[in-house]
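Participant: sequence-free structure coming up:
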């Protein structure tokens, strides 16, 4: 019997490729125009090639989560199962982005294309607290530890896939650009990326050919859900997030 996580991940990847494919079955894409931004933004094809190069089911899921959530690198490292609300199809991300060092948290609404594989993944790491864990080559959970840094992970995936190197921040730009190409209002993209200023979000938008990315939005989170945001103090942060 096939592992549920493997089955869910394979079906998920197949779906994404299907909605991005042209009539001839090939994936259509344009390299994004970086403009004044100094961020290497992958094309959809390059992202999917890197996705296919992922060596484990967890790596597949983690990379998809970065695209769906537009999370910053450390936000998924610190993601705990208590930050995942399966009932309301939401996850909570936290970051420090102001001068006072306060924690800011956001609830992001997602759909079953990510929540389904997360449910299956919970059977593997659900007792460990953190959603994504460095398994250090061991099958025994007692040796699994939270990620502190995956410095060479994306670089290795890009090399294996034969695509130009991109980073976690480039995936955030890709998510924003896809949504913009699908005519999602800029303020909703701002909310999804969790920027405090709309001008910041504008710098994340790169040119894409909408006709070559039909139905892309279906492979991304539902942005219509409520976004809950607010500062919490240091003591609460340690209790609530970590």
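Facilitator: The structure has been received and is ready for your questions. Here the structure is a predicted model, which is why all the values come from computation and not from measurement.
Participant: And the helices in this protein, which stretches?
Facilitator: With DSSP state H as the criterion, the chain has helices at 4-20, 44-53, 57-69, 73-77, 112-125, 153-161, 168-181, 186-193, 198-202, 234-240.
Participant: With distance to residue 102 as new columns, can these be given to me in JSON lines?
Facilitator: The way it works is simple: take the backbone N, C-alpha and C, and place the C-beta from them, glycine included. As requested, these are exported to JSON lines (distance: least, C-beta to C-beta, whole Å):
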{"stretch": "helix 4-20", "distance to residue 102": "35"}
{"stretch": "helix 44-53", "distance to residue 102": "32"}
{"stretch": "helix 57-69", "distance to residue 102": "21"}
{"stretch": "helix 73-77", "distance to residue 102": "15"}
{"stretch": "helix 112-125", "distance to residue 102": "28"}
{"stretch": "helix 153-161", "distance to residue 102": "29"}
{"stretch": "helix 168-181", "distance to residue 102": "21"}
{"stretch": "helix 186-193", "distance to residue 102": "19"}
{"stretch": "helix 198-202", "distance to residue 102": "18"}
{"stretch": "helix 234-240", "distance to residue 102": "8"}
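Participant: Of the ones you listed, which is nearest residue 96?
Facilitator: Residue 96 lies closest, by C-beta to C-beta, to one member of the helices of the chain: helix 234-240, at 8.6 Å.
Participant: The helices of the chain: which one's closest to residue 38?
Facilitator: Comparing the helices of the chain by C-beta to C-beta, helix 168-181 comes nearest, at 10.1 Å.
Participant: circling back: mean neighbour count and mean pLDDT added to the helices of the chain, as CSV?
Facilitator: Output for the helices of the chain, formatted as CSV (neighbours: other C-beta atoms under 10 Å; pLDDT from 0 to 100):
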stretch, mean neighbour count, mean pLDDT
helix 4-20, 16, 51
helix 44-53, 21, 90
helix 57-69, 21, 92
helix 73-77, 19, 93
helix 112-125, 18, 90
helix 153-161, 17, 95
helix 168-181, 23, 88
helix 186-193, 18, 88
helix 198-202, 13, 85
helix 234-240, 12, 37
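Participant: for those helices, which one sits closest to residue 95?
Facilitator: Closest among the helices of the chain, using C-beta to C-beta: helix 73-77, at 5.9 Å.
Participant: Which residues does that closest one contact?
Facilitator: Under the criterion C-beta atoms under 8 Å, 6 or more residues apart in numbering, residues 62, 65-66, 69, 93-95, 131-132, 146-148, 150, 167-169 lie in contact with helix 73-77.
Participant: quick one: which of the residues you listed is nearest to residue 111?
Facilitator: residue 69 (11.8 Å).
Participant: And the closest one, how close does it get to residue 55?
Facilitator: Using C-beta to C-beta, to the nearest Å, residue 69 is found at 22 Å from residue 55.
Participant: Ok, residue 74 next?
Facilitator: Taking C-beta to C-beta as the measure, residue 74 falls 22 Å from residue 55.
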